[in-house]
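> build me a model from this:
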Amino acid sequence: MLGAEPFKALVASASIPKTIRSFLQGYLQNTGPGPIDVYKGPSTNPNVHLVAGDFWLNVYSDALSVGNDLLTGNGIAKFVALRTLERKLSEEGCDYDYVLIDLPPSFGGLVRSALYSSDYLVIPCTSDTFSEYCIGLIAQMLPQFVADWQNGLVRFKANNYGSVEYDQFGRPVFAGWVFNGFDTRDGKLLRADDAHFQNITKAIDRLTQALVSSITVYDPVVHKAGSSLLGKIEDMNVLIQNSLWQNIPAAKLDKHQQVKDLTGGKSSWSDAQKRLIVSIRNQIDDIAKAVISKL
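Below is the predicted model of the structure:
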């Protein structure tokens, strides 16, 4: 979103890059949160601020100890550092309606930290068997994550009498899912993609039931059953490459020529590609409207 060269400049700008690392580094050195730098991408909405990611996050993830930090309550602040980041930005005059956190498909410390910091959880599902399988894993792991947080919170409060600053964290609510990466013909899902869609829908229903039955300290789902689909985004094909190469949202690519390769040669979009861009734009808008209206 920032572009390759601007991002490289941020990473190489100082001994501690002006990425998310500059804020989190102090947590590992027990000096507290560091400075926060926010940016605007060349093609992002003026109301959007970006905190640049960093591969160093793997180091932070490895340093998060469920046993020593979370379950003992001694390092609980490390697991909700992103809420501290949000609060510090608010104190500096940056108030946001939505904060979006993009995560890898894993269950490591970094994902735990983001879940504990989040109000809602949205699951993107690709048209394949792995998504169905991973939804089942979420049904198993999320209740355990919540139980671990509750245990750590009890330990923390036992040593910090009257503290309520973490009481509302560690309560991620399943808000819905997005189906993506499918193909259509005459406006309908291809047979294989439709089969995956039906299987994932059933897996999501099982997830909802598992969360409701396993998590009792708060209401863990927005929709009890049947209405948790936030929207669909079909396979973008060559659009996704151009979006990355040109740092332009896929939904806005029809305002630009396509790049054939990284040597810079450009050409016009075909009529079919233009229709796909318009379709993608409408699908993304529909998801945004669903998020705004349901959450």
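> which helix in the chain runs the most residues?
Ordering each helix of the chain by length in residues (DSSP state H) puts helix 129-159 first.
> contacts made by whatever helix or strand comes next after that one with the rest, please.
Heading C-terminal from helix 129-159, the first helix or strand you meet, by DSSP states H and E, is strand 173-180. For strand 173-180, the external contacting residues (CB atoms under 8 Å, 6 or more residues apart in numbering) are 119-127, 142, 197, 200, 204, 207-208, 211, 218-223, 228-235, 287, 290-291, 294-295. For glycine as for every other residue, the C-beta is placed from the backbone atoms N, C-alpha and C.
> buried subset of these, written for PyMOL?
Buried members of the contacts of strand 173-180, defined by 16 or more other CB atoms under 10 Å, are picked up in PyMOL with:
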select buried, resi 121+122+123+125+126+127+142+197+200+204+207+208+211+220+221+222+228+229+230+231+232+233+234+235+287+290+291
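> what are the ranges of the helices in this structure?
Going by DSSP H, the chain shows helices at 4-11, 20-28, 57-63, 81-91, 109-117, 129-159, 191-214, 238-246, 271-294.
> same list (those) but as CSV, adding mean pLDDT and distance to Arg185.
What follows is those, written out as CSV (pLDDT from 0 to 100; distance: least, CB to CB, whole Å):
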stretch, mean pLDDT, distance to Arg185
helix 4-11, 86, 35
helix 20-28, 91, 42
helix 57-63, 90, 40
helix 81-91, 94, 42
helix 109-117, 94, 36
helix 129-159, 95, 22
helix 191-214, 95, 10
helix 238-246, 90, 18
helix 271-294, 94, 12
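> got JSON lines for the ones you listed, with distance to Pro46 too?
Listed next are those as JSON lines, based on distance: least, CB to CB, whole Å:
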{"stretch": "helix 4-11", "distance to Pro46": "17"}
{"stretch": "helix 20-28", "distance to Pro46": "22"}
{"stretch": "helix 57-63", "distance to Pro46": "27"}
{"stretch": "helix 81-91", "distance to Pro46": "17"}
{"stretch": "helix 109-117", "distance to Pro46": "26"}
{"stretch": "helix 129-159", "distance to Pro46": "34"}
{"stretch": "helix 191-214", "distance to Pro46": "35"}
{"stretch": "helix 238-246", "distance to Pro46": "19"}
{"stretch": "helix 271-294", "distance to Pro46": "16"}
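> between those helices, which one is closest to Gly264.
Gly264 lies closest to helix 238-246 among the helices of the chain, at 9.6 Å (CB to CB).
> how big is the angle separating that closest one from helix 271-294?
Relative orientation of helix 238-246 versus helix 271-294 (axes from the mean of the first three to the mean of the last three CA atoms, to 10 degrees): 80 degrees.
> now for helix 238-246, which elements pack on it?
Helices and strands touching helix 238-246, as assessed by 3 or more CB pairs under 8 Å, 6 or more residues apart in numbering; DSSP states H and E, comprise strand 258-259, helix 271-294.
> and the contacts of that helix?
For helix 238-246, the external contacting residues (CB under 8 Å, 6+ apart) are 236, 248-250, 253, 256, 258-259, 262, 273, 276-277, 280.
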